[in-house]
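A.B. asks: Sequence and predicted structure are below.
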Amino acid sequence: MLFMPALHNTIEKVISDITSRMKDPDLARLFENTFPSTTDTTVKFHTNGKDEQVTQRLQRQKARDAWLDKDAWEGHQSFIITGDILAEWLRDSTNQLKPYQALATKDPAIFNLILGAINTQSEYVIQSPYCNAFQPPPISGLPVSYNGQNDAVHPIYDPNTVFECKYELDSLAHFLALTNDFHQHTSSTSFLNPRWYKALHSLLSVLSAQSQSTFDPQTGAYRPNAYTFQRHTNTGTETLNLNGIGNPLNNGTNLIRSAFRPSDDATTFGFFIPANAQMAVELRRTATILQTTGKKDDADLARTLGEWSKRIEAGIWEHGVVKHKKYGDVFAYEVDGYGSVVLLDDANYPSLLALPLMGFVGEGKGDETYRNTRRMVLERGGNPYFLVGREFKGVGGPHIGLQNAWPMSLLVQAQTSDDDEEILECLQLVLKSSRLGLIHESINVEYSRSYTRSWFAWANGVFAVTILDLAKRKPHLIFKNPTPYEV
C-alpha cells in the first residue's frame, strides 16, 4: 500500500507558515514545491504491519525462503526511493526524511513513516551491510529493477534485495543518523526491536573488518579485505583498482575504510575523512540513547559504541589533519595512513564543508581547523572541484564532471555560514538555476540551463532544511517580519 495522505495537513501547515512570511515569492514557491517532495513523490510503500494483503505476502515469502528470519519485515515499513530510480539509497532516504523529523511528535502519520523507514533500513543493513542501494521490500508487491551492471562483489549479494552494492561508510552512518534524529525529536525508543539490534551488530562487524590494514602489521603479509568490488567500465571512479581492493591502507590509524564516496565514486585512499567523522558522531549519539534504557546489555553496547567513536575521532585528528602551505591546518578529504592525502571537497554529504552540520566540529572544538578547511574548499586555488563560471558556481565532483557544480553544495555553504551576504548569494544562485521549480542534481557553471536531473529528491530535502534553518537562525534574510520560526 502507498503511504496514506493524512500527513499532508501537517506539511501544508508548515508550508503556509513559512511561505506566508517570505519576502521573495519565487523563493516561497520553491519551498512550497520542495518541502513536500519526498512524501509526494518518493514514498512508494508504507505499511503498519497489519494490512492483510501485506501480511499474506510476508507469509508467502517466509514459506518460500527458509533462510528468512521469522521476525523479518514485521511492523511498520517504509520504502523511500531516490526519485527517478525505483531503489532506496540509505543515505538519500535519510536526508529526504530529515525535513520531517521535527514533525514526528505532531503527526502520528509522520511518526510512523519515519519509524517504518528505520525498520526498513534495519532489514537492508542486516541482509547486506556493505551495500548502498536496495530493491523494494519483498512485502511491497513492487517490481525489482536492475542497474544494468555485471558487478563482481564480495560478499555476494542477492540482486532481488540489492540494487547496487558499493560499500560506502556513510551509508551505515546515515542508518544511525535516521535513528538518532528520530529519537532526538520524539524521545521514542520504539525502534529498539530485535531487528534494529541485529542491524547494529551487522554495522559493528563491518567497522571491525574495515579497520583492518592491507598488510599484517606483524608479518607484513598481504591480508585480503572482506569487501571487493569490480565493474566493467571505462570510468575509473566506477570501480576499485588492484582487482577490486583499492589502494593499500596502513595499520594503527583507528580509521575505517570506505571503498566509495557518497557520490558513489570510488575513493582514492580508503580512509575517507568526512564519513569517518559522521560515523564517530553518530556512534556517540546512538550510545547516548542506549545509556538511557536502564538495561545492562544496552549499557554494554553503549560502551562499545562510545569506544569506537573515540578511537575514530582520535584517528581523524591524528591522521586526517594536515598542514597546508597556504591555509594552515586543514582536514584532508582522504588519507591512507602512510602519509598520502587527497585535498579536495565534493558536493555530496558528508563533506568537509558539512563537518559542523554533522556535529563533528563547532562550539569551540576544531573551529580553526574547520575555518581553514572551509576557506580551502571554497576557493579555486584550494579545491579542484570548486567551479566558477559565467552563470553558476559551487562545489562539484568527479561524478558528473568538471563543468557542473551541485546546488546542494551551495545549500550546505549557506547552512555553515554566518555571513548574511554569503547566504543570500547562495540562495539566489540556487533559485535562479531552479527554473523548473525544483532543485537539480548539478548545473553547468557556464550555462545554467544545462543540468542533470530535472529534480533530485535529496537536494529538494536539503533546500527545505536550509530554509527551515534560516527561518530559525536568520529570519531577517527570508521573512518580512524577522521573528524566528521553528517547526
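C.D. replies: That came through, no problem.

A.B. asks: Burial check on D26, number of neighbours?
C.D. replies: Burial measure for D26: 12 neighbouring residues, criterion other C-beta atoms under 10 Å. (C-beta placed from N, C-alpha, C; glycine too.)

A.B. asks: From here on, call the first residue 8.
C.D. replies: All right, first residue 8 from here; so that's D33.

A.B. asks: give the contact list for it.
C.D. replies: L438 (C-beta atoms under 8 Å, 6 or more residues apart in numbering).

A.B. asks: element containing it, please.
C.D. replies: D33 belongs to helix 32-41 when assigned by DSSP states H and E.

A.B. asks: And for N254?
C.D. replies: Under DSSP H and E, no helix or strand contains N254.

A.B. asks: What score does it have for pLDDT?
C.D. replies: pLDDT, N254: 98.

A.B. asks: now Y345
C.D. replies: pLDDT for Y345: 98.

A.B. asks: how near is the residue lying closest to it once chain neighbours are set aside to I319?
C.D. replies: In space, and not counting its chain neighbours, Y345 is closest to N257: 4.9 Å by C-beta to C-beta, 6 or more residues apart in numbering. For N257, the distance to I319 (C-beta to C-beta, to the nearest Å) stands at 15 Å.

A.B. asks: Need the residue closest to the centroid of this protein.
C.D. replies: Residue closest to the mean C-alpha point of the chain, counted by C-alpha atoms, centre = their mean, is R98 at 3.2 Å.

A.B. asks: for the nearest residue to R387 once chain neighbours are set aside, phi and psi?
C.D. replies: Of all residues not flanking R387 in the chain, F393 sits nearest, at 5.4 Å (C-beta to C-beta, 6+ apart). Dihedral angles of F393 (phi, psi; degrees, to the nearest 10) stand at phi -90, psi 110.

A.B. asks: quick one, what contacts F393?
C.D. replies: 352, 384-387, 400-403, 412.

A.B. asks: Now render those as CSV, adding pLDDT, secondary structure and neighbour count.
C.D. replies: Listed next are the contacts of F393 as CSV, based on pLDDT from 0 to 100; DSSP: H, G, I helix; E, B strand; the rest coil; neighbours: other C-beta atoms under 10 Å:
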residue, pLDDT, secondary structure, neighbour count
D352, 98, coil, 28
V384, 98, helix, 25
L385, 98, coil, 20
E386, 98, coil, 13
R387, 96, coil, 11
K400, 98, strand, 20
G401, 98, strand, 28
V402, 98, strand, 25
G403, 97, coil, 27
A412, 98, strand, 27
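
A.B. asks: doesn't E325 make contact with the residue nearest to Y345?
C.D. replies: No: N257 is beyond contact range of E325, at 11.8 Å (criterion: C-beta atoms under 8 Å).

A.B. asks: In three-state terms, how would S215 be classified?
C.D. replies: Recorded secondary structure, S215: helix (DSSP: H, G, I helix; E, B strand; the rest coil).

A.B. asks: buried stuff in the helix holding D33?
C.D. replies: 34-35, 37-41 (16 or more other C-beta atoms under 10 Å).

A.B. asks: Specify the beta-bridge partners of the nearest residue to G123 once chain neighbours are set aside.
C.D. replies: In this structure, G123 finds its nearest non-sequential neighbour in S85, 3.3 Å apart by C-beta to C-beta, 6+ apart. Per DSSP bridges, the residues bridged to S85 are H53.

A.B. asks: neighbouring contacts of the helix or strand hosting E314?
C.D. replies: Assigned by DSSP H and E, E314 belongs to helix 303-326. Here helix 303-326 makes contact (C-beta under 8 Å, 6+ apart) with 204, 207, 211, 214, 260-263, 278, 280, 283-284, 286-288, 290-291, 293-298, 338, 342, 344, 367, 373.

A.B. asks: same question, stretch 18-26
C.D. replies: With contact meaning C-beta under 8 Å, 6+ apart, stretch 18-26 is reached by 35-36, 38-39, 42-43, 46, 107, 110, 474-475, 478, 492, 494.

A.B. asks: Let me know the closest of those to R442.
C.D. replies: Here the nearest of the contacts of stretch 18-26 to R442, counting by C-beta to C-beta, is R36; it sits at 11.7 Å.

A.B. asks: Do I have it right that the closest one meets G444?
C.D. replies: Yes: look at R36 against G444 with C-beta under 8 Å: they come within range, at 6.6 Å.

A.B. asks: Could I get the contacting residues of F182?
C.D. replies: Residues near F182 by C-beta under 8 Å, 6+ apart: 97, 101, 128-129, 132, 206, 210.

A.B. asks: PyMOL command for the buried members of the contacts of helix 303-326?
C.D. replies: Filtering the contacts of helix 303-326 down to the buried ones (16+ other C-beta under 10 Å) takes a single PyMOL command:
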select buried, resi 204+207+211+214+260+261+262+263+278+280+283+284+286+287+288+290+291+293+294+296+297+298+338+342+344+367+373
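
A.B. asks: Keeping just the C-alphas, turn the lowest-mean-pLDDT helix or strand in the chain into CSV.
C.D. replies: Ranking every helix and strand in the chain by mean pLDDT, DSSP states H and E puts helix 59-71 at the bottom, with a mean of 82. Taking Å, rounded to 0.1, in the frame of the first residue of the first chain, the C-alpha atoms of helix 59-71 are listed here in CSV:
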residue,chain,number,x,y,z
GLU,A,59,-4.0,-8.2,5.3
GLN,A,60,-2.5,-8.1,1.8
VAL,A,61,0.9,-7.3,3.2
THR,A,62,0.6,-10.0,5.9
GLN,A,63,-0.2,-12.6,3.2
ARG,A,64,2.8,-11.6,1.1
LEU,A,65,5.0,-11.9,4.2
GLN,A,66,3.7,-15.3,5.0
ARG,A,67,4.3,-16.5,1.4
GLN,A,68,7.8,-15.0,1.4
LYS,A,69,8.7,-16.8,4.7
ALA,A,70,7.2,-20.1,3.4
ARG,A,71,9.3,-19.8,0.2
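
A.B. asks: circling back: tell me the confidence at the residue nearest to G123?
C.D. replies: 98.

A.B. asks: Next one: it from R378, what distance?
C.D. replies: S85 is 39 Å from R378, by C-beta to C-beta.

A.B. asks: Comparing these two, which shows the higher neighbour count?
C.D. replies: Taking other C-beta under 10 Å, S85 and R378 do not tie; S85 has more neighbours (24 against 14).

A.B. asks: what's the more buried one in contact with, if anything?
C.D. replies: So S85 contacts 10, 50, 52-53, 120-124, 126-127 (C-beta under 8 Å, 6+ apart).

A.B. asks: And stretch 77-84, what's buried?
C.D. replies: Buried residues in stretch 77-84, counted by 16+ other C-beta under 10 Å: 79-84.

A.B. asks: Pull the number of nearby residues for Q156.
C.D. replies: If you count neighbours by other C-beta under 10 Å, Q156 ends up with 14.
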